[in-house]
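>>> Need a 3D model of the sequence below.
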Amino acid sequence: MNLVSLALKRVSGAFGVVAMIFLAFLMFGTTADVITRAVTGEPISGVFEMSELSLVMVVFLGAMWAQEDRAHIRVNMLSTRLSGLPHRVAMAFAWGCGALALFMFAWPATQEAIYSVSIWEFRWGYIQVPIWWAKVGLALGLWLAALQMALHAVLAALRDEPEDTTTRPET
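Numbering: from 1, shown residues only. Reported below is the predicted structural model:
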């Protein structure tokens, strides 16, 4: 189990780095495009199209990384009041439902990615941009995030995990 956790941690770290590269493109590319539009009145070709694809990559490649740090938004009003076996059951159920939802998204996303690669799909905008690679990244990100949530479900069932949320001090 530790080997699987370590492998997923390394993959999520690598995916996180790739997601941050796409985020950097979003920041710098959009800034450069805005400046160019203001100065010349013309956009930089392809920045808009690549920004759309970058958003997809940031979300779906970054999902695993966020899950690793438990950075997703969670509502834990019930789970913070539980301890012991009830807490383990609730957490395993919650992570399992999350994994199931991601698996249900991953399957059609994979079918769409296979089709997209088979026709080398492009998006027609201001310029022609290939999108098949983004669909592959989306499907891969969903599968790996689902696998990671499934692992969290198993680990939550086997051992109690602490609620690692921060609370704001009363004012």
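>>> Mean confidence (pLDDT) on the helix or strand Gly137 falls within, please.
If you go by DSSP states H and E, Gly137 is part of helix 132-158. Averaged across helix 132-158, the pLDDT comes to 90.
>>> Taking the centroid of the chain, which residue is nearest it?
Ala63 (2.1 Å; Cα atoms, centre = their mean).
>>> quick one: that one and Leu140, what's the gap?
Distance of Ala63 to Leu140, computed by Cβ to Cβ, to the nearest Å: 11 Å. From N, CA and C alone the C-beta is placed, and that goes for glycine too.
>>> residues near Lys135, how many?
21 (other Cβ atoms under 10 Å).
>>> Identify the residues contacting it.
109, 112-113, 116-117, 121 (Cβ atoms under 8 Å, 6 or more residues apart in numbering).
>>> switch to 7 Å and redo it
112-113, 116 (Cβ atoms under 7 Å, 6 or more residues apart in numbering).
>>> now swap in Phe25 and tell me
50, 54.
>>> and if we set it to 8 Å?
50-51, 54.
>>> For it, report the pLDDT, please.
Looking at Phe25, the pLDDT reads 93.
>>> so how far is the helix or strand harbouring Ala14 from its chain's centroid?
Per DSSP H and E: Ala14 is located in helix 2-40. Centroid separation for helix 2-40 versus its chain: 12 Å, with Cα atoms, centre = their mean, to the nearest Å.
>>> What's the first helix or strand after that helix?
Assigned by DSSP H and E, the successor of helix 2-40 is helix 47-68.
>>> got the buried residues for that following helix?
Buried residues in helix 47-68, counted by 16 or more other Cβ atoms under 10 Å: 47-50, 53-54, 56-58, 60-68.
>>> Export only the CA atoms of it, formatted as PDB.
Output in PDB follows, covering the C-alpha atoms of helix 47-68 (Å, rounded to 0.1, in the frame of the first residue of the first chain):
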ATOM      1  CA  VAL A  47      -3.300  32.800 -26.900                       C
ATOM      2  CA  PHE A  48      -7.100  32.700 -26.500                       C
ATOM      3  CA  GLU A  49      -7.400  29.100 -27.800                       C
ATOM      4  CA  MET A  50      -4.400  28.000 -25.700                       C
ATOM      5  CA  SER A  51      -5.900  29.700 -22.600                       C
ATOM      6  CA  GLU A  52      -9.000  27.500 -22.900                       C
ATOM      7  CA  LEU A  53      -6.900  24.400 -23.100                       C
ATOM      8  CA  SER A  54      -4.700  25.600 -20.300                       C
ATOM      9  CA  LEU A  55      -7.700  25.900 -18.000                       C
ATOM     10  CA  VAL A  56      -8.600  22.300 -18.600                       C
ATOM     11  CA  MET A  57      -5.100  21.200 -17.900                       C
ATOM     12  CA  VAL A  58      -4.800  23.200 -14.700                       C
ATOM     13  CA  VAL A  59      -8.000  21.800 -13.300                       C
ATOM     14  CA  PHE A  60      -7.700  18.100 -14.300                       C
ATOM     15  CA  LEU A  61      -3.900  17.700 -13.900                       C
ATOM     16  CA  GLY A  62      -4.000  19.700 -10.700                       C
ATOM     17  CA  ALA A  63      -6.900  17.700  -9.200                       C
ATOM     18  CA  MET A  64      -4.500  14.900  -8.000                       C
ATOM     19  CA  TRP A  65      -2.100  17.400  -6.500                       C
ATOM     20  CA  ALA A  66      -4.900  19.200  -4.600                       C
ATOM     21  CA  GLN A  67      -6.200  15.800  -3.400                       C
ATOM     22  CA  GLU A  68      -2.700  14.900  -2.100                       C
END
